[in-house]
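1. here is my input, please return the structure:
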Amino acid sequence: SWPDSKEWYTCLVEMCENYQGQYRTKCCMQFYSIYLSSLHRLFDIMARAGATYNVLTDIVHRMDQALYKFGLLTQPPSQTLLSHFKGQLYMDGATLLVKNAMQDPGAWRETSKLAGLLFIGAFCGDSVSQLSNDGDVRKVIAGHMLLLLSKGENQWLESVFGVSSNIGTSLHNAMFVTKNQGEMVTSSCLAQHTAINSICRLPTSAEIAAHC
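-> Here you go, the predicted structure:
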C-alpha cells in the first residue's frame, strides 16, 4: 500500500525537489511540511528495508538542509511546527548513528552520547495536531531508547549534556562525512544548535505510554 511504498515517497521527494529548483521563492510553509514529512517517511521505510548508511545519510542531510530553509521563510512557521520537524530530524539522526554503530561497534563509544542528545531532542520535540500520529510515534520510540541507553539512571543525563562544548558541529561531523555534505555546514539546521532540549530527568514509562 502507498503508506509503506518506497516508490511513492521517492516520487514525492523528487517532485518537491523539482518544484524547489524551479520555484524557490514560492516555497511556503505547506511546501516544506509536505517535503519534510515525505523525507521522514522515506527514511523510515528505507531504514526498515535495510538501506545502506550512505543512502540514509543522504536523506537525513536533505532534511537537515530543508529544515534550515524552513526556519528562514519570510512568513516563518510556528515554533510548535518547527519543533515537531526538528524532533523528526533528531529522531532520524539518532537512528542513523545507531545504525552506524551496528556496522562499526567501535564507533559507539564516541557517538552514543550524541545519539542520546538526539533522542532527548526527539522526545522533547512538540507534536502538532495535524501530524499527531508522527509525533506520538517519535516520542514513544525516543522515550524507550532513552531508558535503554541510560539503564534508567538519571545520572546518565549529566554525561550526555557534557559531551561537547559545540554540540551542533559535533553532531554535523558525526553524521555527514562526505566532502560535499561537510561543506554545507553553514546551511545546516543541526550545526546551528548550541544546545538541544535539556531535561532534568528521564521520562517515566507512564509518560511514554501516554503517547501510545
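2. enumerate every residue touching the closest residue to residue 115 other than its chain neighbours.
-> The shortest distance from residue 115 to any non-neighbouring residue, by Cβ to Cβ, 6 or more residues apart in numbering, is to residue 97 (4.3 Å). Just so you know, the C-beta spots here come from the backbone N, C-alpha and C atoms, and that holds for glycine as well. If a contact means Cβ atoms under 8 Å, 6 or more residues apart in numbering, then residue 97 has 111, 114, 115, 118, 174, 175 as its contacts.
3. distance of the second one relative to residue 172?
-> Taking Cβ to Cβ, to the nearest Å as the criterion, residue 114 is separated from residue 172 by 10 Å.
4. quick one: secondary structure of the residue nearest the centre of the chain?
-> Note on the chain: the residue nearest the mean C-alpha position is residue 89, at 1.6 Å, using Cα atoms, centre = their mean. The three-state label given to residue 89 by DSSP: H, G, I helix; E, B strand; the rest coil is helix.
5. close enough to count as contact, it and residue 189?
-> Yes. Residue 89 is within contact range of residue 189, at 6.5 Å (criterion: Cβ atoms under 8 Å).
6. quick check: neighbours shared by the two?
-> Shared contacts of residue 89 and residue 189 (Cβ under 8 Å, 6+ apart): 64, 67.
7. how many other residues sit next to residue 54?
-> By the measure other Cβ atoms under 10 Å, the count of residues near residue 54 is 9.
8. please read the previous query as pertaining to residue 39.
-> When neighbours are counted by other Cβ under 10 Å, residue 39 registers 27.
9. now the helices for the protein?
-> Taking DSSP state H as the criterion, the chain carries its helices at 6-22, 29-48, 53-70, 79-103, 108-124, 132-150, 155-161, 167-175, 179-182, 205-209.
10. go through the longest one and flag the buried ones.
-> In terms of neighbour count (16 or more other Cβ atoms under 10 Å), helix 79-103 has its buried residues at 81-101.
11. ok, now the fifth one?
-> Within helix 108-124, the residues that qualify as buried are 111-124, counting by 16+ other Cβ under 10 Å.
12. show the pLDDT at residue 101.
-> Residue 101 carries a pLDDT value of 86.
13. where in the chain is pLDDT low?
-> Scanning the chain for pLDDT under 70 picks out 1-2, 132, 164, 194-198.
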